[in-house]
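Student: Need coordinates for the following:
(one chain, ligands or ions: 2)
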Amino acid sequence: KREQEDLQSLEGRISDLDLKSSEIKLFSDLPFSQPTTSGLKASHFTTLTDIQASAIPLALKNNDILGAAKTGSGKTLAFILPVLEKLYREQWTEFDGLGALIISPTRELAVQIFEVLRKVGRYHAFSAGLVIGGKSLKEEAERLTRMNILVCTPGRMLQHLDQTAGFDADNLQILVLDEADRIMDMGFQRDVDALVEHLPKSRQTLMFSATQSKKVSDLARLSLKDPEYVSVHESA
Ligand code: ADP
Ligand code: MG
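Tutor: Ligands and ions are numbered 1, 2, ... in the order given. Below you'll find the model as predicted:
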């Protein structure tokens, strides 16, 4: 009962959120769930970076996003927090299967994303895993069906979606493509296209990159729906 009231007030605060407001400077200015608020506090994050201040409010309001900001500007939290909040607001549980998929071009970046997810998401009850190869397909497959959030590289994830019995992404709520420019540069376009074919069309998609390029907008056209473009420029 109490939880229902919290969810309702959270939804209310999100719809009341003024996207044009320049008052959004702190994480505490945003309508986050209690577990996210605690995770941010425990991780000592207080002030939003520019890309976070621009992208997170739009993402909380369920928009698709194409975000561009240079390396080091804090893009990871700009998608991890909306992912956690989305599943929290859907009251996602272990029985609901895969709710969020985060695609990264390299294993190393996937591991970094996973670490941030574990840190800031520590007070949430979701299960999360890495799918980056390195273990046998069978070993990975056994844990896969129990995961709510997966951080993956494109090729390995596609292998599982094509081959792992009992595993699907039919219920997916939110897809993230991180480092979209590198995903394209590394030749993963076909894998990502094939991956997206496995996902439900009614989902939210967040795409981030360090640079804007023709290749990135090609990928955006394929996977995003009426995206909001958020780009943060270096201040001189
Ligand atoms: P990007 O993906 O844009 O290259 P990251 O998400 O990897 O950037 O963040 C770069 C660094 O900034 C990380 O060490 C991260 O912990 C830190 N960081 C991110 N957001 C904040 C914030 N709001 N306040 C303080 N440090 C932050
Ligand atoms: Mg990054």
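Student: Every contact and neighbour count from this point should use C-alpha atoms.
Tutor: Noted.
Student: Could you check the longest strand along the chain against ligand 1 for contacts?
Tutor: In terms of residue count, the longest strand belonging to the chain (DSSP state E) is strand 204-209. No: between strand 204-209 and ligand 1, judged by CA under 6 Å from any ligand atom, nothing touches; the nearest distance is 8.1 Å.
Student: How about stretch 79-98?
Tutor: No: judged by CA under 6 Å from any ligand atom, stretch 79-98 makes no contact with ligand 1; its nearest approach is 9.1 Å.
Student: before we move on, back to that, let me see the residues that make contact with the longest strand of the chain.
Tutor: 59, 62-70, 75, 79, 173-182, 216, 220, 223-225 (CA atoms under 8 Å, 6 or more residues apart in numbering).
Student: Once you drop chain neighbours, what's closest to Phe45?
Tutor: Spatially, and ignoring its direct neighbours in sequence, Phe45 is nearest to Phe27 (7.6 Å; CA to CA, 6 or more residues apart in numbering).
Student: tell me the contacts of that neighbour?
Tutor: Applying CA under 8 Å, 6+ apart, the residues contacting Phe27 are Leu40, Phe45, Thr46, Thr47, Leu48.
Student: What pLDDT is listed against the last one?
Tutor: Translated: Leu48. With respect to pLDDT, Leu48 scores 97.
Student: What is the burial count for it?
Tutor: Other residues lying near Leu48 total 20 when counted by other CA atoms under 10 Å.
Student: Now do the contacts for it.
Tutor: Leu48 neighbours (CA under 8 Å, 6+ apart): Lys25, Leu26, Phe27.
Student: same question, Leu175
Tutor: Ala100, Leu101, Ile102, Ile103, Arg203, Gln204, Thr205, Leu206.
Student: Check the secondary structure at it for me.
Tutor: Put simply, Leu175 is strand when judged by DSSP: H, G, I helix; E, B strand; the rest coil.
Student: Please consider this matter closed, and thank you.
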